[in-house]
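Novice: quick one: sequence and predicted model below, then my questions.
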Amino acid sequence: GNDCVYMSREMAESDSQPHFKSKLGLVLSCLGCVVGTGNIWRFPRIVANNSGDEGGLTFLLLWAVGLWVWSIPILLVEYAVGRYTRKTVVQAFCEMAGPWAQWMGVFVAFVVLASSAVYSVVLGWCFYYFVYHCAFSLPSTYEESKDEWEDLQAGNYTILCHGLAVCFGVLSIIKGVKTIELVNKVIVPVLLLIVAFSLAWSLSLTYAGEGITYLFTPDWNVFKTTRVWVDAVTQNAWDTGAASALLLTYATYMRREDGVVTMGTLTPLANNFVSLCCGIMMFCNVFSVLESTGYDKEHIIPVLKDNGPANTGLTFIWMPLLFNSMSGGRFLAVIFFLSLSFAGLSSLIAMYELLALLLQNAGIPRIASAVIVGVVGFLLGLPSAMHIAILVNQDYVWPFGLLPCGLTFVALVWIYGAEKFRRVVVNDYSLDDWTLPRVWKYVIRFVTPTVGVAIIVWWFVENILDNESYPEWNDLSSESLAIVLVQWAGALIIAVAVNFIYVCYWQRREQIALQDSAEDDVELSQSGSRTAGKHASPVDETTPLIAHTLPLDEDKQMQKQSRDASV
């Protein structure tokens, strides 16, 4: 029964598979996987872009709802599948949903690969700002800070820094979970301390209350905008890592004593709290600096949303100004961008680890797998490093791609059986964890897929019908419907093709090889038995030589036993 299955899994776990050495290492590694530039760079700018004239609370409410109806239900699946199967995302889909479901795992892996190419470019910006402010003083005005940002984008340093980010990511995964756990035990606490200190300082600024008031004031008109719903759910998925299989990969290093329901609930809550703190910090900073120079609310809001293409420079323009207002601010700015670099690196490590494990399980050595991932990631990210407009496009297409990725995890639960999954994979398999409640079964079967499908369909329809708010749907611009569909379709075709080739060719070849090997073993065994018989001591001719006898049908076996007895 299940006890035998659990015992065999536990033996495999203790004997061969590496795992996290401590609960602290597990928690900090999972936090490090998702806490990084997505919280400090992406979240504040997405909030600013989706805030109305009155404020940003409407977006925050949708973002919070997305946590409970989308991110947490899917993360519980990821953690549970990773710990139970201890396999890569592609192999996990094969085991849980059958060999023809592997294309879903390949699609998820492709989205992670494309996302990592964007992530390494942004991480390179963090490296640049760390080195730059080690050598040069902080800007004192908004204009100076914006010029620094534009100088970075106009030069070639983005390519160099992108390459450095890729190299650090590759070096960090060569030794697997040991390196990952050690790195995260250091960098995650340092980053959280810096964020806490920066938040406390920003709250003490003169006009900080104006920023908080704006951030937490609703503007109900934005409810009618599809983009707000899309950004709210996809930002929450990006924040928490939901549907990216990053935490599924880390969960393969978990033991039965490590609670998946606990981790799948508390980690995204902690991560979203960090994001909210970063948003408060940024809005307090922007309102304080601009109001002190004579700006009013009507003029601050456009500035808040205009910091480079798609507001990509919000953090890099305003954080140096915040630190410039502090005593010893330059030192703190250097520590901040160093910590942000490390936190971004920990997330990039998780992406590279997922991809390297796929190659390693395909028979490629670990070091070679890491190098291949780095080379491919660098080449894919090169256009984004050279042209920020391409980065804006990629940062739109692939975070949005987490919605169809989430639906693949829902499909996995449907195929396996939601109640069976809840009982066998989670509750019965866990040794020290919260019980996964029955309500999760209904959320993952009905609520989560309804949310995902409804948002995608609504977004498709609005893109086609509303030419004023969106670019022409068939125009291959950076944020059009067509550019998203083309790239998604490309990823889907690759995923299905890989699945088809594996099942129809590679897997069949493996089965034939195993069958040939088994036949060779039988022939070798028979040959050895005949040779042994020649040199054996004489025995009674009526004695059955079981080792020499091939399996017989049941009737023939009974007849033979009857003849032996009569003799």
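Specialist: Sure thing, it's come through.
Novice: where does pLDDT dip in this protein?
Specialist: Where the chain drops to pLDDT under 70, the residues are 1-18, 176-178, 310, 510-511, 513-514, 516-567.
Novice: I figured residue 284 hits residue 208, correct?
Specialist: Yes: assessed by CB atoms under 8 Å, residue 284 is found in contact with residue 208 at 3.9 Å. From N, CA and C alone the C-beta is placed, and that goes for glycine too.
Novice: neighbour count for these two, which is higher?
Specialist: A direct count of neighbours by other CB atoms under 10 Å for residue 284 and residue 208 places residue 284 higher, at 26 against 20.
Novice: which SS class is that one?
Specialist: Three-state call for residue 284 (DSSP: H, G, I helix; E, B strand; the rest coil): helix.
Novice: show me the contacts for it.
Specialist: Neighbour list for residue 284: 202, 203, 205, 208, 211, 212 [criterion: CB atoms under 8 Å, 6 or more residues apart in numbering].
Novice: hang on, the first one packs against residue 289?
Specialist: Think residue 202. No: assessed by CB under 8 Å, residue 202 is found out of contact with residue 289, at 10.4 Å.
Novice: overlap in contacts, those two.
Specialist: residue 322.
Novice: shared neighbours of residue 284 and residue 208, which are they?
Specialist: residue 202.
Novice: dump stretch 78-87 to PDB, restricted to CA.
Specialist: What follows is stretch 78-87 as a C-alpha-only set of coordinates in PDB (Å, rounded to 0.1, in the frame of the first residue of the first chain):
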ATOM      1  CA  GLU A  78       4.500  22.800  -6.600                       C
ATOM      2  CA  TYR A  79       5.900  22.100  -3.200                       C
ATOM      3  CA  ALA A  80       4.000  18.800  -2.800                       C
ATOM      4  CA  VAL A  81       4.900  17.500  -6.300                       C
ATOM      5  CA  GLY A  82       8.500  18.400  -5.900                       C
ATOM      6  CA  ARG A  83       8.900  16.700  -2.500                       C
ATOM      7  CA  TYR A  84       6.800  13.700  -3.400                       C
ATOM      8  CA  THR A  85       8.400  12.900  -6.800                       C
ATOM      9  CA  ARG A  86      11.900  14.400  -6.200                       C
ATOM     10  CA  LYS A  87      12.100  14.900  -9.900                       C
END
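Novice: neighbouring contacts of it?
Specialist: 9, 12-13, 17, 91-92, 95-96, 242-243, 245, 247-252, 254-256, 258, 260-261, 263-264, 361, 409, 412, 421, 425-426, 429.
Novice: swap in stretch 139-153?
Specialist: Contacts of stretch 139-153 (CB under 8 Å, 6+ apart): 125, 128, 132, 158, 289-290, 293, 303, 307-308, 313, 316-318, 320-321, 324, 388.
Novice: list the buried residues of it.
Specialist: 139, 142, 145, 146, 148, 149, 152, 153 (16 or more other CB atoms under 10 Å).
Novice: try stretch 64-77
Specialist: Buried-residue list, stretch 64-77, by 16+ other CB under 10 Å: 66, 67, 68, 69, 70, 71, 72, 73, 74, 75, 76, 77.
Novice: would you reformat those as a markdown table and include distance to residue 181 and secondary structure?
Specialist: Shown next, in a markdown table, are these (distance: CB to CB, whole Å; DSSP: H, G, I helix; E, B strand; the rest coil):
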| residue | distance to residue 181 | secondary structure |
| --- | --- | --- |
| 66 | 30 | helix |
| 67 | 26 | helix |
| 68 | 29 | helix |
| 69 | 32 | helix |
| 70 | 28 | helix |
| 71 | 24 | helix |
| 72 | 24 | helix |
| 73 | 27 | helix |
| 74 | 24 | helix |
| 75 | 20 | helix |
| 76 | 23 | helix |
| 77 | 24 | helix |
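Novice: out of the contacts of residue 284, who's nearest residue 181?
Specialist: residue 202 (31.9 Å; CB to CB).
Novice: the closest one: neighbour count?
Specialist: 25.
Novice: try the one 4 residues further on
Specialist: Applying other CB under 10 Å, we find 12 residues neighbouring residue 206.
Novice: contacting residues around it?
Specialist: Residue 206 neighbours (CB under 8 Å, 6+ apart): 288, 291, 292.
Novice: and which of these is nearest residue 515?
Specialist: Distances from residue 515 to the contacts of residue 206, taken by CB to CB, are shortest for residue 288, at 72.5 Å.
Novice: which one is the closest one nearest to, not counting chain neighbours?
Specialist: residue 205 (3.8 Å; CB to CB, 6 or more residues apart in numbering).
Novice: what's the answer for residue 361, then?
Specialist: The spatially closest residue to residue 361, leaving aside those adjacent along the chain, is residue 88, at 5.6 Å (CB to CB, 6+ apart).
Novice: ranges for the helices of the stretch 1-150 of the chain?
Specialist: In the stretch 1-150 of the chain, the segments counted as helices under DSSP state H, counting those that start in this stretch are 2-15, 23-34, 37, 43-49, 57-66, 72-85, 89-97, 102-135, 142-154.
Novice: neighbours around the nearest residue to residue 46 once chain neighbours are set aside, how many?
Specialist: Nearest non-adjacent residue to residue 46, counting by CB to CB, 6+ apart: residue 235, 4.8 Å away. Around residue 235 there are 25 other residues, counting by other CB under 10 Å.
Novice: identify each buried residue in stretch 488-508, please.
Specialist: Buried-residue list, stretch 488-508, by 16+ other CB under 10 Å: 488, 491, 492, 495, 496, 498, 499, 502, 503.
Novice: mind listing which of those are in helices?
Specialist: The members of those that map onto helices under DSSP state H are 488, 491, 492, 495, 496, 498, 499.
Novice: distance to residue 455 added to those residues, as CSV?
Specialist: Converted to CSV, those look like this (distance: CB to CB, whole Å):
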residue, distance to residue 455
488, 15
491, 19
492, 18
495, 22
496, 24
498, 28
499, 26
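Novice: which two in the contacts of residue 284 are spaced the farthest apart?
Specialist: Applying CB to CB across the contacts of residue 284, the maximum distance is between 205 and 212, 10.7 Å.
Novice: that older thread, list only buried entries from the contacts of stretch 78-87.
Specialist: Buried members of the contacts of stretch 78-87, counted by 16+ other CB under 10 Å: 9, 13, 91-92, 95-96, 242-243, 245, 247-252, 254-256, 258, 260-261, 263-264, 409, 412, 421, 425-426, 429.
Novice: what is the nearest of the buried residues of stretch 488-508 to residue 33?
Specialist: Nearest member of the buried residues of stretch 488-508 to residue 33, counting by CB to CB, is residue 491, at 22.2 Å.
Novice: show me the contacts for the closest residue to residue 492 other than its chain neighbours.
Specialist: Once flanking residues are discounted, residue 492 sits nearest to residue 107: 6.1 Å by CB to CB, 6+ apart. Residues in contact with residue 107 (CB under 8 Å, 6+ apart) are 404, 405, 408, 491, 492, 495.
Novice: show the contacting residues for the residue nearest to the fourth one when sequence neighbours are not counted.
Specialist: Right, the one you point to is residue 491. Spatial nearest neighbour of residue 491, excluding adjacent residues (CB to CB, 6+ apart): residue 110 at 4.4 Å. Going by CB under 8 Å, 6+ apart, residue 110 touches 491, 494, 495.
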